[in-house]
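3D, please:
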Amino acid sequence: MLRGAEFHHSVRVSRVRPGDVVKLLDGRGVTYEARVAQVGAREVSFEVLSRERAHEGASVDIALAVIKAPRFDLAVEKCTELGIRRLIPFIAERGLWREAADESGLKIDRIRRKIASSCKQSGQPFFPEIAAPASLDELIERLASYAAVFLAERLSGGTTTGVLEASDGPVLGIVGPEGGLTSDERERLVSKGAVPLSLGPFRLRSETAAICLCYRLLSGCSRPSRK
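Below is the predicted model:
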């Protein structure tokens, strides 16, 4: 049964009617084929016809420095479609959105709605998590929980070859802000195990780098189970 925003989307946008057969996602890997049973004033009910559980993909997280909302949203949308497990916003010294130092500033609920919308559009059965914004210190504390950590850079000469094949757990990719990480921020991340990874010779916007890094890590991973 759908209520609230999902009711509005199904009735006002998708215009479902009794008898229509639709696909529903639970965000945890299960896709349902269902027939619309009844459309009420505030809710839609369904008859489930079948269900299918998707294979879990690679456990890849992306830590992205907080940037301006439209660009951050684009990174969220595309990384969601590609299949990341978790997105971790973090506050960098050169970040452009300094007021977003807490969860309310980043509007986490709005981003969760973006994630749900991207999953529905793409058919992605797993809804990625969106973490509360972290400081660099908090991000560094997380690194030990990953089998491999990669830091997106221009012309670093780094590579995923061999490292990802040998990993036996979740992988993290880190993308700095538009102005790049400071030397101190970079050194601190590298000293804690982050491996510089080249995304090419050109200066990419943060959202572009996040999408490219996400695809590269997901393509290279041996699909460890999500945790």
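
any stretches of this structure with poor pLDDT?
9, 96-106, 155-167, 222-227 (pLDDT under 70).

can you give me the domain assignment for it?
Residue ranges for the domains of the chain, per automatic domain parsing: 2-53, 60-220.

hang on, isn't Phe174 packed against Phe150?
Let me fix one detail, which is that residue 174 is Ile and not Phe. Yes: counting by Cβ atoms under 8 Å, Ile174 does reach Phe150; the two are 7.0 Å apart. For the C-beta atoms, the positions are set from N, CA and C on the backbone; glycine is no exception.

look at those two and report which has more neighbours.
Ile174 (30 against 26; other Cβ atoms under 10 Å).

give me the element that one is part of.
Using DSSP states H and E, Ile174 maps to strand 171-175.

show the subsequent helix or strand relative to that strand.
In N-to-C order, the element after strand 171-175 by DSSP H and E is helix 183-191.

just the CA atoms of that next one, as CSV, please.
Presented in CSV, the C-alpha positions along helix 183-191 are these (Å, rounded to 0.1, in the frame of the first residue of the first chain):
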residue,chain,number,x,y,z
SER,A,183,48.3,19.3,0.8
ASP,A,184,47.7,18.6,4.4
GLU,A,185,44.4,16.9,3.8
ARG,A,186,45.9,14.8,1.0
GLU,A,187,48.9,13.8,3.1
ARG,A,188,46.7,12.8,6.0
LEU,A,189,44.5,10.6,3.8
VAL,A,190,47.4,8.9,2.0
SER,A,191,49.2,8.3,5.3
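
helices or strands up against it?
Here helix 183-191 touches helix 136-142, strand 148-153, going by 3 or more Cβ pairs under 8 Å, 6 or more residues apart in numbering; DSSP states H and E.

done for today, thanks.
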